[in-house]
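>>> Provide a 3D model corresponding to the input given below.
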Amino acid sequence: MSNNRLRILQVMRAPVGGLFRHVSDLTRSLAERGHQVGIVADSDGDAQSDHKLGMLEPYAQLGIHRLPMPRVLGLNDITTPARIRALAKSTGAQIVHGHGAKGGFGARLARIGRKQTRAIYTPHGGALHFDPRSLSGGVFMTIERSLLRLSDALIFESHYAQKTFASHVGVTAGRQEVIHNGLDDAEFVPITPDADAADFAFVGELRTLKGIDLIIAALAGLTTPDGRPATIIMAGDGPDGAALRERIEHLGMSDRVALAGIRPAREIFAKGRCVLVPSRAESLPYIIMEAAAAGRPIIATNVGGVGEIFGPTSPSLIVPGDADPLRQAMAAFLSEPKIFEIQAEERRDFVRSRFSLTHMVDQIEALYDSLTI
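Model (predicted):
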């Protein structure tokens, strides 16, 4: 733990997904270690966003500041970085850490004219899914390249993200670190499935990107060794939720697919015997880390940094975008669950040694320190 008490601004656009989980964990941990932390987020939000940010108020000694950060480029991309720069000056922040494309944009532009402030950028994967050959992707990558000179350090949550960024954008002259996201000790408590658990479970956004259509296609016609139709519980919400419900109804699978809405991941892990994560694209998904830490069997696709979580069990990953390999893996679990349970124990040990919250914060704190000495 550092003896150097720092003043840090964490900048992000919206309090959603794994990005917010990371910022939230980092803010709490840094505050508990004696650092002064502030949050900068988009002024446009809803009651849920306000509630999430409000939960961080006890840890945000430098305040929670809402500034305009719309998704599309506009005048606010000039005025908001200037306001972040003024905020850094008024709070005496030595570190401005931008998360995601818009957070990184504002944090790095805010560094201009502030020799006392160091700018750090964590892409968090989403922007890395842009196709650099497309018009929008080309524009985005050009902006990213122009900001490299203002980046004192880049933090990637996976080696996959680092490699993709270098390929699409380039390599910065500043520091680069791969620091995996981490989980709290309580998340490593094993979970035993309920006696009436479904065969499978899914937790995440209801989006085609997450492979929810593949789950239904794979589940249709799939039976257990005793001839019972296989079942699943699916938790989450998202833009493709209505289409998912229509598909389930059309196939007459309503009695086999339970839609639970937004529920805590660990609650759903107990309601299904094997967790499915058949995403078409990912960076370093928290849901796989959480399921691995809980000791649950997992069937996942070989995308992004998922193999970094699976470690020695990565040969079991399946190809993305195809229902057949998913169906085969699901059938294999139903036939021989013990093999998957042995892999789950091996994976839990691997994740516990490399993906702890303490380890994550230690590394980020050390990086902050090295930039401010």
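
>>> Angles on the backbone of residue 274, please.
Here is the backbone geometry of residue 274 (degrees, to the nearest 10): phi -150, psi 130.

>>> List the contacts of it.
By Cβ atoms under 8 Å, 6 or more residues apart in numbering, the contact list for residue 274 reads 199-201, 296-299, 330, 333, 337, 340. Every C-beta, even on glycine, is put in place using the N, C-alpha and C of the backbone.

>>> Would you map the helices across the stretch 51-200 of the chain?
76-91, 100-109, 135-147, 159-168 (DSSP state H, counting those that start in this stretch).

>>> So which of the contacts of residue 274 are in helices?
330, 333, 337, 340 (DSSP state H).

>>> Now for the third one, how many residues are close by?
Just to be clear, that refers to residue 337. Taking other Cβ atoms under 10 Å as the criterion, the count of residues near residue 337 is 15.

>>> What of the second one?
For residue 333, the number of neighbouring residues by other Cβ under 10 Å comes to 22.

>>> Please identify the deepest-packed of the helices of the stretch 51-200 of the chain.
helix 100-109 (a mean of 25; mean count of other Cβ atoms under 10 Å).

>>> thinking again about what came up before, so, if you compare the contacts of residue 274, which one comes nearest to residue 366?
Using Cβ to Cβ, residue 298 is the member of those that lies nearest residue 366, at 31.1 Å.

>>> Test my guess that the closest one contacts residue 347.
Yes. With contact defined as Cβ atoms under 8 Å, residue 298 reaches residue 347; the gap is 7.4 Å.

>>> helices or strands up against the worst-scoring helix or strand of the chain on mean pLDDT?
Least confident helix or strand, the chain: helix 135-147 with a mean of 85, by mean pLDDT, DSSP states H and E. With contacts taken as 3 or more Cβ pairs under 8 Å, 6 or more residues apart in numbering; DSSP states H and E, helix 135-147 sits against helix 100-109, helix 159-168.

>>> helix or strand right after the helix or strand that contains residue 268?
Assigned by DSSP states H and E, residue 268 belongs to helix 265-269. Per DSSP H and E, the first helix or strand lying C-terminal to helix 265-269 is strand 275-277.

>>> Of all the residues in the next helix or strand after that following strand, which ones are buried?
Downstream of strand 275-277, the first helix or strand assigned by DSSP H and E is helix 286-293. Buried residues in helix 286-293, defined by neighbour count with 16 or more other Cβ atoms under 10 Å: 286-293.
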